[in-house]
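J.: Sequence isn't available, so here's the structure alone:
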Ligand code: GLN
């Protein structure tokens, strides 16, 4: 088997080949490293790759396997981590200059769980600075391109992860989602991305942006792969005080059951406020058309489809852009140039306050500064009730809308994001246009609910995603419905959507 082929397999296939002994972990890892070497100059998806370390951990898996050790089914499968997942001894920047050079003294729980499952760390992926953004253009380090069209954004803030997986530079990757940063990059690169129920996946060792919203989750090329990764990282962690001590529902089983294609008895609610009648402003016609077709397909599989109204969702965007910056302004106060990464102007001529100010001035980019200022203002004593307090009330209303909707239906659906991947540079000078990419993903974030993005086809040659939302701790419903849609679409098409990735982009195997 040629190395090129190894990077085209999904994780379920790689796992079969590795377990059967048909390929070695070193073969699989080397194939991905070769592809990174050949393609990532253009794509820019990784911030840090250590080929020797990756090959050494792959060799350790092969050795254990040939020595007869009982290894898990994912042992030897390579993985990429968004660069806000803290990794012991491995550079971790959160896309910011202020953390340049920092090598953490410990690893995040999810990094440990992936390592314990025998997966091989390929590298750390590019991202918007501190996960603030929707295009990865806020990275302090480099531009990341969309494998479908290198002149376009890969989504954000987990755009390095989406570009790496869609471009076959990693079979799957970890992303994080505060307001949409797993789902939106997955949607615009033709991937599956799932934001788990808040508290279902440990946040221990994830560099915090907005702690009441942040969740890590899988980005993969198939629904089943996403479920397999989710099962590895999920579950109670005493080191995260918001971690939920509840059993993880059987997610891979839900994905496999969904792929059988029978949705009889499943009630699907289409959210009017997210691209429905009277709410189509800012939505591209191609996105709405693919969404309609996906919903028709769910109905054809037996689902009972109804329209649902969630009036408070119209307020999700302003509420999020008060709550997230407020929490960020508090979380980012720890970067003062003393404990981690960058320290500027410490030449003996300045006092402590001046060194802190200069470090922050040089270490934070413009979007991060904008959010710190906005968040500090929203939390200040004279304005707290008017801004932060109001936003929290909206959050409650949104949760109530979800509760009422889930009294009637099992899952809710909408487009994942109102547009396909936009051109690089198109929105960098217009923060509100950038924030509009989050329109559909914010409600589930604010309510802490699970939501998946699954490809629903192409519009003008670029991927569109369907979002499927479910009640808390019912992540399995997202996987079941997504897998049914994926299977039906693949069957209708005769191949997978990602097989249409244009060779012209120069990144297809
Ligand atoms: N685009 C949103 C923001 O800029 C969401 C980011 C995220 O989910 N990390 O805040």
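T.: That came through fine. Everything numeric here is computed off the predicted structure, so don't read it as measured data.

J.: The most centrally placed residue in the chain: what's it in contact with?
T.: Central residue of the chain (C-alpha atoms, centre = their mean): residue 182, 2.0 Å from the mean position. Residue 182 makes contacts with 158, 175, 176, 193, 194, 195, 217, 218, 219, 453, as judged by C-beta atoms under 8 Å, 6 or more residues apart in numbering. To be clear about C-beta, it is placed using only N, CA and C from the backbone, and glycine gets the same treatment.

J.: go again using 6 Å as the cut-off
T.: Counting by C-beta atoms under 6 Å, 6 or more residues apart in numbering, residue 182 makes contact with 158, 175, 193, 195, 217.

J.: all strands for the stretch 1-150 of the chain, in order.
T.: 46-49, 78-82, 120-125 (DSSP state E, counting those that start in this stretch).

J.: Distance to residue 281 and mean pLDDT added to those, as JSON lines?
T.: Listed next are the strands of the stretch 1-150 of the chain as JSON lines, based on distance: least, C-beta to C-beta, whole Å; pLDDT from 0 to 100:
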{"stretch": "strand 46-49", "distance to residue 281": "37", "mean pLDDT": "98"}
{"stretch": "strand 78-82", "distance to residue 281": "32", "mean pLDDT": "98"}
{"stretch": "strand 120-125", "distance to residue 281": "33", "mean pLDDT": "98"}
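
J.: Out of those, flag the one nearest the ligand.
T.: In terms of C-beta to the nearest ligand atom, the element of the strands of the stretch 1-150 of the chain nearest to the ligand is strand 78-82, at 9.7 Å.

J.: and the contacts of residue 182 as JSON lines, adding neighbour count?
T.: Putting the contacts of residue 182 into JSON lines (neighbours: other C-beta atoms under 10 Å) gives the following:
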{"residue": "158", "neighbour count": "36"}
{"residue": "175", "neighbour count": "38"}
{"residue": "193", "neighbour count": "33"}
{"residue": "195", "neighbour count": "35"}
{"residue": "217", "neighbour count": "31"}
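
J.: of all the residues you listed, which two lie farthest apart?
T.: Longest distance between any two of the contacts of residue 182 is 10.5 Å, between 158 and 195; criterion C-beta to C-beta.

J.: Pick out the residue in the stretch 201-350 of the chain sitting closest to the ligand.
T.: The minimum distance from the stretch 201-350 of the chain to the ligand, using C-beta to the nearest ligand atom, falls at residue 324 (5.3 Å).

J.: How about that residue: what's its closest non-neighbour residue?
T.: Counting by C-beta to C-beta, 6 or more residues apart in numbering, residue 324 lies nearest to residue 210, which is 4.1 Å off, once chain neighbours are set aside.

J.: For the stretch 301-450 of the chain, what lies in contact range of the ligand?
T.: Counting by C-beta under 6 Å from any ligand atom, the residues of the stretch 301-450 of the chain close to the ligand are 324, 438.

J.: which stretches of the stretch 301-450 of the chain form helices?
T.: Applying DSSP state H, counting those that start in this stretch to the stretch 301-450 of the chain gives helices spanning 316-331, 352-363, 366-379, 390-408, 431-435, 442-447.

J.: Check these for me and report the most buried one.
T.: Ranked by mean neighbour count, the helices of the stretch 301-450 of the chain are led by helix 442-447 with a mean of 28 (mean count of other C-beta atoms under 10 Å).

J.: That one - contacts with which helices or strands?
T.: Using 3 or more C-beta pairs under 6 Å, 6 or more residues apart in numbering; DSSP states H and E, the elements in contact with helix 442-447 are helix 316-331, helix 390-408.

J.: Can you list the low-confidence ranges for the stretch 151-300 of the chain?
T.: Applying pLDDT under 70 to the stretch 151-300 of the chain picks out no residues at all.

J.: re the thing from before, can I get the helices and strands packed on helix 442-447 in CSV including mean pLDDT?
T.: Putting the helices and strands packed on helix 442-447 into CSV (pLDDT from 0 to 100) gives the following:
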stretch, mean pLDDT
helix 316-331, 97
helix 390-408, 98
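
J.: Could you dump these into a markdown table with distance to residue 49 added?
T.: Output for those, formatted as a markdown table (distance: least, C-beta to C-beta, whole Å):
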| stretch | distance to residue 49 |
| --- | --- |
| helix 316-331 | 28 |
| helix 390-408 | 39 |
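
J.: for the ligand, what are the nearby residues on this structure?
T.: Residues of the chain lying close to the ligand by C-beta under 6 Å from any ligand atom are 131-134, 157, 177-181, 209, 324, 438.

J.: quick revisit: for the contacts of residue 182, give me JSON lines that also has distance to residue 144 and secondary structure.
T.: Listed next are the contacts of residue 182 as JSON lines, based on distance: C-beta to C-beta, whole Å; DSSP: H, G, I helix; E, B strand; the rest coil:
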{"residue": "158", "distance to residue 144": "10", "secondary structure": "coil"}
{"residue": "175", "distance to residue 144": "13", "secondary structure": "strand"}
{"residue": "193", "distance to residue 144": "15", "secondary structure": "strand"}
{"residue": "195", "distance to residue 144": "20", "secondary structure": "strand"}
{"residue": "217", "distance to residue 144": "19", "secondary structure": "strand"}
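
J.: From these, pick the one nearest residue 369.
T.: Checking the contacts of residue 182 against residue 369 by C-beta to C-beta gives residue 158 as the nearest, at 21.7 Å.

J.: quick one: that closest one and residue 82 touch, right?
T.: Yes. Residue 158 lies in contact with residue 82 (C-beta atoms under 6 Å); the separation is 5.3 Å.

J.: gap between the closest residue to residue 167 other than its chain neighbours and the ligand?
T.: Once flanking residues are discounted, residue 167 sits nearest to residue 147: 3.9 Å by C-beta to C-beta, 6+ apart. Residue 147 sits 21 Å away from the ligand, going by C-beta to the nearest ligand atom, to the nearest Å.

J.: Residue 353 too?
T.: Residue 353 is 29 Å from the ligand, where distance means C-beta to the nearest ligand atom.
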